[in-house]
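K.L.:
Quick check, what structure comes out for this input:
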Amino acid sequence: MKDSNKVLTGVWLDSNVAHIISLTGSSEEIKSIKSQIDHGHIHGGARSSTPYGPQDAVSESKMTNRKKQQFEKYYQNIIGLIKNSDAVYILGPSTSKIGLQKAMQNKQELAKKIMGVETSDSITINQIRAKVRKFYSTAEI
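P.N.:
Residues are numbered from 1 along each chain as shown. A predicted model of the protein is given here:
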């Protein structure tokens, strides 16, 4: 970390929670937000009263669209917390990190702040902190 005034951020996320580590000089701030994404499974419709009658179908596309909207809201919540950062390092085990990267790339001022995206296992907050510190100690910012 060359400049102590810069806010360097690391975001570890999956589809359930995001941990945001912000480094400014020697200080560190950690925030965690839950995704509020419904991971429910499609339940069957209702049978008619006649045997072997028609079923009410469950719309899979509605479930998919709802989940997509929930992910977008999740990404926007994260972006709201990191928008004042000078650099952002994204990591996580699932495809959620790619979704956040794409959401940031849709906004030109945020796209240039992405320093790296890395696949990472489910790790503890202390391991996330160490990984973010190591990344920024070697990064050219």
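
K.L.:
low-scoring pLDDT stretches of this structure, where are they?
P.N.:
Applying pLDDT under 70 to the chain picks out residues 1-3, 40-58.

K.L.:
Could you tell me the phi and psi values at the residue most central in space within it?
P.N.:
Computing the C-alpha centroid of the chain and ranking residues by Cα atoms, centre = their mean puts residue 13 first, at 4.4 Å. Dihedral angles of residue 13 (phi, psi; degrees, to the nearest 10) stand at phi -140, psi 150.

K.L.:
give me every residue that touches it.
P.N.:
19, 78, 90, 92, 96-97, 100 (Cβ atoms under 8 Å, 6 or more residues apart in numbering). All C-beta atoms are positioned from the backbone trio N, CA, C, and that covers glycine.

K.L.:
In helices, which of the residues you listed fall?
P.N.:
78, 96-97, 100 (DSSP state H).

K.L.:
From the contacts of residue 13, pick the one nearest residue 129.
P.N.:
residue 19 (9.0 Å; Cβ to Cβ).

K.L.:
OK, contacts around the closest one?
P.N.:
11-13, 30-32, 125, 128.

K.L.:
Could you rerun that using 10 Å?
P.N.:
Residues near residue 19 by Cβ atoms under 10 Å, 6 or more residues apart in numbering: 10-13, 30-33, 91-92, 123-125, 128-129, 132.
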